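S.K.: Show me how the following folds:
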Amino acid sequence: MKLSKFIVITGVLLSTIHYANSQNRLVTYPAPEGADLMNDFTVKVRETGKDWKPVDTYLVKVDEVRNIKHHVERASMSYFDFSGEVEVSVTFNHGAIQSGRVRPLSYGITPTITNNTMTFKLNRPRNLSVEVNGDIFHNLHLFANPIDENKPRKLKDRNLIYFGPGVHHLPGDTLNVPSGKTVYVAGGAIIKGRIQVVDAQDVKILGRGLVLPERWAGIRIVHSKNVLVEGLITTQCPTGGSDSITIRNLKVISSYGWGDGLNVFASNNILFDGVFCRNSDDCTTVYGTRMGFTGGCKNITMQNSTLWADVAHPIFIGIHGNVENPEILENLNYINIDILDHKEKQLDYQGCLAINAGDNNLIRNVRFENIRIEDFRQGQLVNLRIFFNEKYCKAPGRGIENILFKDISYTGKDAEVSMIIGYDKERKVKNIRFENLTINGEVIYDDMPEKPKWYKTGDMARIFVGEHTEEVTFSK
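M.R.: Residues are numbered from 1 along each chain as shown. Okay, here's the model as predicted:
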């Protein structure tokens with residue numbers, strides 16, 4: 001179907017649009033007919049002193065690993081927009097609430113619990129997990145967005161592709177967005193299929209709705225430049241061979257094998273801001289040559305975000321590259337992040353903060369700062385290795401250097417021994433700095449009085465500092 005005809009068809013749906021002035025303090029979006037909904041929770045929200053408004057709960061699928069088997073579980077998801085302060089009510093429809101929590105824990109949200117209902121207040125946008133009786137696989141993912149300032153003010157615009165509330169099936173299951181176009185998916189809209197930007201520039205993909213393919217990536221950016229993705233809910237959003245990409249307040253949830261959240265392949269100048277990832281593989285990765293994309297990576301930043309790895313790594317850097325023409329992955333920044341979980345039995349693929357250099361990659365100038373790691377189910381806090389993983393690599397990496405861990409905290413008891421290991425005297429891990437690393441409230445530093453003089457400082461944090469490493473330091 002030609003794009004011009006496609007735009008006309010979406011325009012027919014405009015009579016169903018619910019307009020909300022950006023000054024409104026609370027905007028809810030009724031689910032469209034035909035949406036897959038859940039009834040585990042009844043969710044309501046209100047402005048102070050006003051009436052409660054219902055918030056529909058959608059089905060989202062997540063991956064639970066039991067022993068070595070994967071099980072798809074049915075969780076819930078709700079969303080709304082607000083400014084100022086609102087009160088949220090979550091009623092559990094399957095019995096009394098013995099315990100309840102709202103995560104990330106760093107937000108300090110303590111709900112009031114009465115019988116089967118918990119209530120709490122929000123005074124700023126948050127992406128949350130609401131959990132009852134310790135159940136993390138049938139929880140409520142609650143996305144409390146800011147008021148949407150991107151909503152189109154006029155709909156008759158030849159550069160706008162608009163999807164109003166309702167369920168939309170894309171012709172051929174894919175929308176290819178040309179240069180200069182804006183795609184807007186309204187709250188209360190569900191796109192069945194994929195939106196992708198291929199060989200294009202100056203593109204925006206915005207809104208509050210859901211983009212749900214049968215499998216794999218709901219949004220995809222390929223060989224493109226100057227792309228903004230903001231506010232939507234989908235499965236995966238990889239970026240390959242691209243430059244100047246901003247992905248803001250995107251929520252990605254996956255349940256199938258190889259369900260990475262936010263991959264970066266051979267791309268530069270990428271910003272992730274305020275994203276939420278709950279994934280059945282790595283939440284976010286940075287790779288060189290891979291999947292048909294060629295080149296290194298530089299200037300990649302993820303900030304103000306929440307990561308939840310039901311399988312594999314929350315953050316993973318470096319395994320893939322070009323052996324014949326070695327590449328550099330550099331200037332990578334991970335700032336102000338909450339990590340809610342990490343579950344990986346395979347020792348080769350553990351690490352909340354993982355840099356594994358393969359394929360002759362050189363990885364340098366990486367900053368992990370202000371990262372709060374909650375008690376995860378299985379894995380390691382840190383894994384820095386130069387290695388030759390023959391399953392995925394053709395050679396070991398060249399080096400890992402100039403890595404800063406600043407204001408990293410871990411609270412929990414299930415972390416296994418972390419690893420910092422080089423490969424040989426030419427392929428080293430060097431200049432690794434830990435500043436204010438805090439494990440269960442204790443700061444780990446080279447001169448800490450509790451440390452015997454014959455210990456390595458890493459021993460105090462259960463971090464194995466192995467062979468072919470240089471200048472690994474810990475300071476307050």
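S.K.: Do a quick rundown of the strands in the stretch 351-476 of the chain.
M.R.: Under the criterion DSSP state E, counting those that start in this stretch, the stretch 351-476 of the chain contains strands at 353-357, 362-373, 379-380, 382-386, 399-410, 415-416, 418-421, 429-435, 437-439, 442-444, 463-465, 469-475.
S.K.: oh sorry, the question was meant for the stretch 1-150 of the chain
M.R.: Using DSSP E, counting those that start in this stretch, strands in the stretch 1-150 of the chain cover 26-28, 41-47, 53-55, 58-66, 69-82, 86-92, 100-103, 112-114, 117-122, 126-132, 135-146.
S.K.: Please convert the ones you listed to TSV, extending it with mean neighbour count.
M.R.: (Glycine included, C-beta is placed from N, CA and C.) Formatted as TSV, these follow (neighbours: other CB atoms under 10 Å):
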stretch	mean neighbour count
strand 26-28	20
strand 41-47	19
strand 53-55	17
strand 58-66	18
strand 69-82	19
strand 86-92	22
strand 100-103	20
strand 112-114	14
strand 117-122	18
strand 126-132	22
strand 135-146	19
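S.K.: Adding mean neighbour count, write the strands of the stretch 351-476 of the chain out as a markdown table.
M.R.: Listed next are the strands of the stretch 351-476 of the chain as a markdown table, based on neighbours: other CB under 10 Å:
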| stretch | mean neighbour count |
| --- | --- |
| strand 353-357 | 28 |
| strand 362-373 | 21 |
| strand 379-380 | 25 |
| strand 382-386 | 27 |
| strand 399-410 | 21 |
| strand 415-416 | 20 |
| strand 418-421 | 21 |
| strand 429-435 | 20 |
| strand 437-439 | 20 |
| strand 442-444 | 17 |
| strand 463-465 | 20 |
| strand 469-475 | 16 |
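S.K.: Kindly reformat these as CSV containing mean pLDDT and distance to Ser244.
M.R.: Putting the strands of the stretch 351-476 of the chain into CSV (pLDDT from 0 to 100; distance: least, CB to CB, whole Å) gives the following:
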stretch, mean pLDDT, distance to Ser244
strand 353-357, 98, 24
strand 362-373, 98, 20
strand 379-380, 98, 33
strand 382-386, 98, 29
strand 399-410, 98, 24
strand 415-416, 96, 37
strand 418-421, 98, 33
strand 429-435, 98, 29
strand 437-439, 98, 34
strand 442-444, 98, 38
strand 463-465, 98, 36
strand 469-475, 98, 34
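S.K.: Tell me which of those approaches Thr57 most closely.
M.R.: Nearest to Thr57, of all the strands of the stretch 351-476 of the chain, is strand 362-373, at 27.2 Å by CB to CB.
S.K.: What strands line up against the closest one, and which way round?
M.R.: According to DSSP bridges, strand 362-373 forms sheet pairs with strand 328-342 (parallel), strand 399-410 (parallel).
S.K.: Throw those into JSON lines and include distance to Arg208, thanks.
M.R.: Shown next, in JSON lines, are the strands paired with strand 362-373 (distance: least, CB to CB, whole Å):
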{"stretch": "strand 328-342", "distance to Arg208": "22"}
{"stretch": "strand 399-410", "distance to Arg208": "33"}
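S.K.: mind checking which of those strands is nearest Arg158?
M.R.: strand 328-342 (37.9 Å).
S.K.: Report the separation between Leu212 and Glu330.
M.R.: 35 Å (CB to CB, to the nearest Å).
S.K.: domains of this protein?
M.R.: Following automatic domain parsing, one finds the domains of the chain at 21-146, 236-475.
S.K.: To Val227, which of those lies closest?
M.R.: For the domains of the chain, the distance to Val227 is smallest for domain 236-475, at 5.0 Å, taking CB to CB.
S.K.: start to end distance for the closest one?
M.R.: 38 Å (CA to CA, to the nearest Å).
S.K.: same question, stretch 229-249
M.R.: End-to-end distance for stretch 229-249: 8 Å, by CA to CA.
S.K.: Pass me the low-pLDDT residue ranges in the stretch 151-300 of the chain, would you?
M.R.: The model of the stretch 151-300 of the chain has no residue with pLDDT under 70.
S.K.: How many residues are close by Asp281?
M.R.: 23 (other CB atoms under 10 Å).
S.K.: Would you check that it makes contact with Val311?
M.R.: Yes: applying CB atoms under 8 Å as the test, Asp281 and Val311 come out as touching, 5.5 Å apart.
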